[in-house]
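Let me see the structure of the following:
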Amino acid sequence: MELITLRVGDFTSAGTPGQSIPAAAFRCFNLGGTDFLGNPLVKEVRVAKGRVQPQWIGVQIPRVASGRFLGQIQLTAPGSRPVDVKVSITVAGEMLDDGGDSQGWRLSRLRWLDSTIGQSDEVGSSRLFRSKREVMPSPAD
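As a prediction, the model looks like this:
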């Protein structure tokens, strides 16, 4: 079994100079996130040689993004050459006010896996009464 790593670079606009989707906007759900205490969670993914292991990757599209963005994702395993996967993302249509959260089929709520809402021990903490936008970053943030 080989331990794999995944690295994402910035995605740049194919048509609008200066527009990009930063690498920090991407997250591989298989490789980690935030645990129930709000601490970083790192998971190891091992794949047997000759086998396939899907990697679930989410991206928070900036509110101002539109058009086609190009980038790559690099997969590596010890003793193997890195594999660069070219990726194209097309952003079109209107931005959904709630980032698609009201439509479960969009799977936009997966970003909630990294939420730290509810971490406070204080009942009635002002943190819990802030707007959703302040506590739970929207896809535009």
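
Could I get the pLDDT score of the spatially closest residue to Q53 that is not a sequence neighbour?
Nearest non-adjacent residue to Q53, counting by C-beta to C-beta, 6 or more residues apart in numbering: V47, 4.3 Å away. In this view, the C-beta of every residue, glycine as well, is placed from N, C-alpha and C. On the pLDDT scale, V47 is placed at 89.

V47 and N30 touch, don't they?
No. In this structure, V47 is not within contact of N30 by C-beta atoms under 8 Å, at 10.4 Å.

Next, show the common contact partners of the two.
Each of Q53 lies in contact with both V47 and N30 under the rule C-beta atoms under 8 Å, 6 or more residues apart in numbering.

follow-up on the earlier one: just list the residues touching the residue nearest to Q53, thanks.
1-2, 4, 53, 77.

Checking my notes, D84 in a helix, right?
No. Assigned with DSSP: H, G, I helix; E, B strand; the rest coil, D84 falls outside any helix and is strand.

In this structure it contacts Q72, no?
Yes. Using C-beta under 8 Å, D84 is in contact with Q72, at 4.9 Å.
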